[in-house]
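1. Turn this into a structure:
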Amino acid sequence: MHDRSLNNQLPLLIKTNSDDRPTMVFCNTRKATEEAAEHIATHMQLKNVLTPEFEELRRKVANKKLAMLLSNGSAFHHAGLTSEDRRLIEQMFSDVIHLCANFSID
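-> Presented below is the predicted three-dimensional model:
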């Protein structure tokens, strides 16, 4: 079971350790993955990642929640996404600041 209080620690951990590079956070369930990504997007000041190329890829994402989080530089990746959405997130990872995933990364 995921301890939601751990989400509160993510912004400081990321800020302290990421050097403004893309960050991957592994979570144990799909729900925890989405909750962590939402928490990061809500509680962190994220740099603008919306280059024209990034925005073009973001518009192809079918999952509405994921597309919204991408606008804030955060994303999730798990087996509940379509294979196309997973592929797009993998392609965009170097532009996405924070990615929360479970073990569905190919």
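2. got any ranges where this structure has weak pLDDT?
-> Residue ranges of the chain with pLDDT under 70: 1-3, 45-49, 97, 103-106.
3. Swap in 50 and give it another go.
-> 1 (pLDDT under 50).
4. for it, which helix is longest?
-> What stands out as the longest helix in the chain, according to DSSP state H, is helix 30-43.
5. Show residues contacting the helix or strand following that one.
-> Using DSSP states H and E, the helix or strand that follows helix 30-43 in sequence is helix 52-58. Here helix 52-58 makes contact (Cβ atoms under 8 Å, 6 or more residues apart in numbering) with 50, 67, 70-71, 88, 91-92, 95. (Each C-beta comes from the backbone N, C-alpha and C, glycine too.)
6. Among those residues, which one lies nearest to Arg21?
-> Nearest to Arg21, judged by Cβ to Cβ, of those is Asp95 at 11.4 Å.
7. any idea how far that closest one is from Glu53?
-> Per Cβ to Cβ, to the nearest Å, Asp95 is found 8 Å from Glu53.
8. Then Leu13?
-> Going from Leu13 to Glu53 by Cβ to Cβ gives 29 Å.
9. same question, Asp20
-> Taking Cβ to Cβ as the measure, Asp20 falls 19 Å from Glu53.
10. Also Gly80?
-> According to Cβ to Cβ, Gly80 stands 26 Å off from Glu53.
11. who has more neighbours, these two?
-> Shown here are Gly80 and Glu53; by other Cβ atoms under 10 Å, Gly80 has more neighbours (15 against 10).
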